[in-house]
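Participant: dropping a prediction and its sequence here:
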Amino acid sequence: MNSLVGGNCAPADQSSPRLLLVAGSGRSGTSTMVGFLKAFGWYVPGAELVSNPTNPKGFGESRRIVRFHNALLHKASVGVSDARPEAWRSTALSGSRAVRRTSSLARWISRNLELHEKLVIKDPRLSWFLDVWIKVAGQVKADLSVIIMLRPPHEVLASKHTYYQGDQAAGYNHLAAAWINMLLNTELQTRPLDGRGVSRIFVEYSELLTDWRRVGRRIGTVLGDEGLNRPSETQVASVEAFLDAGLRRMDGSKSRLDLANEIGIVLAESWVALQRLTDPKNDGPAVWDELDSLRRRYEEIYGSAQSVTRSTTEHAMRSMRPSRRISEGLTRRLGQNDASSAVAPFEGGRGNVPPGYVHLVPHWLRDRVPKSIKLSLSRLR
């Protein structure tokens with residue numbers, strides 16, 4: 001996998017429109033970062049997702065961009081919190097083939113930049129398509145920067161397990177694996193190696209809540225944003241009204257998880273290495289080598305686990321296979337052009353399987369479903 005962006009120190013050109021991506025695992029403070037940046041004139045393009053009890057102060061996500069990412073993830077058969085190392089190859093291929101979608105997105109971003117010279121894009125799906133956003137920034141001639149939010153993984157896992165129903169079914173080992181896969185590969189793909197002039201900044205969620213002025217100065221220096229360096233009284237009041245202790249509903253001291261296995265070890269060591277990148281002086285080969293080693297260890301662990309559990313996943317796949325009677329019934333209904341009473345369509349391996357069990361079926365087994373059956377069932381939508 002190649003690194004996608006480079007350069008993490010030079011201030012952005014203030015004469016050019018600016019595009020700022022906020023990346024990281026879900027529940028790691030990405031929404032809080034967007035709310036913070038809004039006080040300094042950064043704008044979320046289009047209609048935003050509405051707040052709900054899981055994120056009472058808002059998600060800071062553009063509806064159109066979420067739909068864009070979801071469409072590409074669907075094409076790649078990849079989940080938002082996919083723990084598979086090979087999922088990155090699938091999303092890279094999906095993104096590279098989405099030429100028309102990418103061009104349409106770029107035109108929409110360009111129109112928004114005509115109204116607002118500083119756009120901020122946040123979505124937990126974003127990291128899967130960083131290469132797409134580099135293409136978009138090039139097409140609209142905008143300076144591109146990336147903020148990567150870091151939060152202790154035990155807090156992230158506890159938060160996901162508390163607020164997301166699907167993650168409650170998945171279990172902590174899967175959540176830990178998904179965190180490792182997301183953070184280590186996000187770091188790799190934003191690594192400053194190829195000189196494309198894209199800045200990256202690592203920010204700890206706890207630091208944003210406890211010392212936002214310091215965080216603002218660090219971001220402002222990299223982005224060339226004078227407001228972040230010297231906030232006005234109005235901006236100070238806006239930030240302090242937005243940031244409060246209630247935003248951190250999962251305290252690390254209360255959410256220590258017992259992952260006394262290989263995944264737990266890689267999780268802990270990855271967190272320590274990533275923390276070092278919050279100091280730009282450490283963003284270099286020594287830490288990169290350590291992260292590369294951790295990523296290889298994770299890939300080996302995942303491959304071994306996949307091999308060991310092969311019988312379980314094959315059994316789950318067999319239980320999803322439609323019987324001859326069901327298949328004949330589907331054929332008759334298709335011939336009658338009556339989809340109203342047909343079974344639910346097979347989409348991404350779901351079919352009639354209870355949602356809590358879908359994650360047990362790996363994508364390589366889902367891909368074994370004959371295309372003729374997938375095509376027939378898709379016509380029932």
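Facilitator: Now that the structure is in, tell me what you want to look at.

Participant: tell me how far residue 306 lies from residue 49.
Facilitator: Going from residue 306 to residue 49 by C-beta to C-beta, to the nearest Å gives 34 Å. Where you see a C-beta, it was placed from the backbone N, CA and C, and this is true even at glycine.

Participant: quick one: which of the two has more around it?
Facilitator: residue 49 (17 against 13; other C-beta atoms under 10 Å).

Participant: for the more buried one, grab phi and psi.
Facilitator: Backbone torsions for residue 49, taken as degrees, to the nearest 10, come to phi -60, psi 140.

Participant: I'd say it and residue 63 touch.
Facilitator: Yes: Residue 49 is in contact with residue 63 according to C-beta atoms under 8 Å; the separation is 6.0 Å.

Participant: that's a strand at residue 121, yeah?
Facilitator: Yes: counting by DSSP: H, G, I helix; E, B strand; the rest coil, one finds residue 121 located in a strand.

Participant: buried set for whichever helix in the chain runs longest?
Facilitator: The longest helix of the chain (DSSP state H) is helix 285-308. Residues of helix 285-308 classed as buried by neighbour count (16 or more other C-beta atoms under 10 Å): 287, 288, 290, 291, 294, 295, 297, 298, 299, 301, 302.

Participant: bridge partners for residue 199, pull those for me.
Facilitator: residue 145 (DSSP bridges).

Participant: distance of it relative to residue 218?
Facilitator: Between residue 199 and residue 218 the computed distance is 11 Å (C-beta to C-beta).

Participant: more crowded one of these two?
Facilitator: More crowded of residue 199 and residue 218, by other C-beta under 10 Å: residue 199, with 25 against 19.

Participant: and the pLDDT at that one?
Facilitator: pLDDT, residue 199: 92.

Participant: same check on the one 5 residues further on?
Facilitator: Looking at residue 204, its pLDDT is 97.

Participant: that one contacts residue 276, doesn't it?
Facilitator: No: proximity of residue 204 to residue 276 does not meet the contact threshold set by C-beta under 8 Å, at 11.2 Å.

Participant: those two: who's more crowded?
Facilitator: Using other C-beta under 10 Å as the criterion, residue 204 and residue 276 rank with residue 204 on top: 19 against 15.

Participant: look up the closest residue to that one, ignoring the ones flanking it.
Facilitator: residue 150 (5.0 Å; C-beta to C-beta, 6 or more residues apart in numbering).

Participant: so how far is residue 283 from the one you found?
Facilitator: Residue 150 sits 13 Å away from residue 283, going by C-beta to C-beta.

Participant: higher neighbour count, the two?
Facilitator: Higher neighbour count among residue 150 and residue 283: residue 150, with 23 against 20, using other C-beta under 10 Å.

Participant: show me what contacts that one?
Facilitator: Contacts here follow C-beta atoms under 8 Å, 6 or more residues apart in numbering; on that basis residue 150 touches 24, 28, 183, 202, 203, 204, 205, 271, 274, 275, 278.

Participant: in a strand, that's where the fifth one is, yeah?
Facilitator: Yes: Residue 203 forms part of a strand when assessed by three-state DSSP.

Participant: neighbours around it, how many?
Facilitator: By other C-beta under 10 Å, 23 other residues sit near residue 203.
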